[in-house]
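**Q** Here is a sequence together with a model predicted from it:
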Amino acid sequence: MTRKTPNVSRETSEPVRAETFVDTPIAAAAARASEILTPGGTRPLPRPVHPRIITVANQKGGVGKTTTAVNLAAALAIHGLRVLVIDLDPQGNASTALGIDHRQPDISSVYELLLGEATLAEAIQQSPANENLYCVPATLDLAGAEIELVSLVARENRLKNAINPEALGAYGFDYVFIDCPPSLGLLTVNAMVAAREVLIPIQCEYYALEGVGQLLRNIELVQSHLNRDLHVSTVLLTMYDGRTKLADQVSEEVRRHFGDKVLRAVVPRSVKVSEAPGYGMTILDYDPGSRGAMSYVDAAREVAIAGAAGAGSVGGSTSGAQG
Ligand code: ADP
Ligand code: MG
């Protein structure tokens, strides 16, 4: 197979500077968003000692995985943290929401990264919204990867190897979010082997916990065979509709099940949240004053603070894996 051109030609790993962001509608929206969401300058969030790699997983489709991955990432980036989103869904919705055109022919993507045909530096792109926010986009090629990976050596470790500490260190990333497809196939396994933490978004709807048992069993399997450090660190309730009793029932049930792993912030069901990706924007840039944007900023703050309290530090105990 032919090697594609790198998305960035970079001799050093110097982060690209802010000048890149002048004069685009997304940049203007982003500037306004920072004014609203981080008034009077950035109130700093704690920076993890080691990059936290968080897989956003739930094999159910439409529960808010992609929305959560991109908006949490954007909320951390707006606070000055360096964040990478790896789009591991062939649909490429995370790439779209981050303003990255993943339909261009010949871009290097997560597909080439997994197959060893591109390095991280070649596959990565900077989001036009924020100089701290990067994405490894997904293209439709990725749909075939699930099968192509089967015959490769170390097929479960491809992503882990591609985002080794040296490759991540060159960019100074604090957070890596991996947006999983709605299945428990080899792509999701690669995400679980590459990460230390799993974040499960749960939609406040009927059958919310359906399939979560299976997800947890898969996490345990990966933990016992492939990645001892993997654990569910975070659960986020999404699409919460305060007018329904059901939303409260689901929320109570999830909190009973997962205890303090469930973030206090809850993402409301909001049309604005679903509109934002259509403009190549996160909700933070699309409507920074909205409850949806605020909820992701609150969630990001909780994630950052929980990480500073120990969950995100590497090389510590694996006690987080219990429960
Ligand atoms: P997944 O990645 O789990 O398939 P998505 O994040 O793509 O789920 O969300 C599924 C759909 O629901 C998308 O159209 C998205 O825009 C929409 N959506 C996500 N979160 C919300 C929300 N809080 N309120 C309203 N719509 C939402
Ligand atoms: Mg998705």
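**A** Everything's here; your move. Ligands and ions are numbered 1, 2, ... in the order given.
**Q** tell me the phi and psi of the closest residue to residue 188 other than its chain neighbours?
**A** Closest residue in space to residue 188, ignoring its immediate chain neighbours: residue 180 at 4.8 Å, by CB to CB, 6 or more residues apart in numbering. C-beta: built from backbone N, CA, C; applies to glycine. Note on residue 180: backbone dihedrals following degrees, to the nearest 10 are phi -90, psi 150.
**Q** Ligand 2 versus residue 180, what's the distance?
**A** According to CB to the ion, to the nearest Å, residue 180 and ligand 2 sit 8 Å apart.
**Q** distance of residue 236 from ligand 1?
**A** According to CB to the nearest ligand atom, to the nearest Å, residue 236 and ligand 1 sit 10 Å apart.
**Q** now the helix or strand where that residue lies: mean pLDDT?
**A** Here residue 236 sits within strand 231-238, counting by DSSP states H and E. Here strand 231-238 scores 98 as its mean pLDDT.
**Q** by contact count, what packs against that strand?
**A** Counting contacts by 3 or more CB pairs under 8 Å, 6 or more residues apart in numbering; DSSP states H and E, strand 231-238 is packed against helix 65-78, strand 197-203, helix 212-225, helix 245-258, helix 291-306.
**Q** List of residues touching stretch 59-71?
**A** 56-58, 85, 89, 93-94, 97-98, 177-180, 182-184, 188, 199, 201-203, 210-211, 214-215, 236, 238-239, 267, 273-274, 277, 282-284, 292-293, 296, 299 (CB atoms under 8 Å, 6 or more residues apart in numbering).
**Q** quick one: terminal-to-terminal distance for that stretch?
**A** End-to-end distance for stretch 59-71: 19 Å, by CA to CA, to the nearest Å.
**Q** how about it, does it reach ligand 2?
**A** Yes - interface with ligand 2: stretch 59-71 contributes 65-66 (CB under 5 Å from the ion).
**Q** May I see the buried residues of that stretch?
**A** Under the neighbour-count criterion of 16 or more other CB atoms under 10 Å, stretch 59-71 has 59-60, 63-71 buried.
**Q** which stretches of the chain form strands?
**A** 52-56, 83-87, 125-126, 133-136, 175-179, 197-203, 231-238 (DSSP state E).
**Q** Distance to residue 259 and mean neighbour count added to those strands, as CSV?
**A** Output for the strands of the chain, formatted as CSV (distance: least, CB to CB, whole Å; neighbours: other CB atoms under 10 Å):
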stretch, distance to residue 259, mean neighbour count
strand 52-56, 19, 27
strand 83-87, 27, 29
strand 125-126, 37, 20
strand 133-136, 31, 28
strand 175-179, 23, 27
strand 197-203, 13, 24
strand 231-238, 9, 23
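**Q** returning to that earlier point: narrow the contacts of stretch 59-71 to just the buried residues.
**A** Those of the contacts of stretch 59-71 that meet the buried threshold are 56-58, 85, 89, 93-94, 97-98, 177-180, 182, 184, 188, 199, 201-203, 215, 236, 238-239, 267, 273, 277, 282-284, 292-293, 296, 299, by 16+ other CB under 10 Å.
**Q** tell me which parts of the stretch 101-250 of the chain are close to ligand 1?
**A** Residues of the stretch 101-250 of the chain lying near ligand 1 by CB under 6 Å from any ligand atom: 182, 238-239.
**Q** Mind doing that once more with 8 Å?
**A** For the stretch 101-250 of the chain, the residues in contact with ligand 1 (CB under 8 Å from any ligand atom) are 179, 182, 201, 238-240.
**Q** Export those as a markdown table, with columns for distance to residue 108.
**A** Output for these, formatted as a markdown table (distance: CB to CB, whole Å):
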| residue | distance to residue 108 |
| --- | --- |
| 179 | 18 |
| 182 | 24 |
| 201 | 28 |
| 238 | 31 |
| 239 | 34 |
| 240 | 38 |
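**Q** want to try a markdown table for the helices and strands packed on strand 231-238, with mean pLDDT as columns?
**A** A markdown table is the format used below for the helices and strands packed on strand 231-238 (pLDDT from 0 to 100):
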| stretch | mean pLDDT |
| --- | --- |
| helix 65-78 | 97 |
| strand 197-203 | 97 |
| helix 212-225 | 95 |
| helix 245-258 | 94 |
| helix 291-306 | 96 |
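**Q** need the ones you listed in JSON lines with distance to residue 166, can you?
**A** Output for these, formatted as JSON lines (distance: least, CB to CB, whole Å):
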{"stretch": "helix 65-78", "distance to residue 166": "22"}
{"stretch": "strand 197-203", "distance to residue 166": "21"}
{"stretch": "helix 212-225", "distance to residue 166": "24"}
{"stretch": "helix 245-258", "distance to residue 166": "34"}
{"stretch": "helix 291-306", "distance to residue 166": "24"}
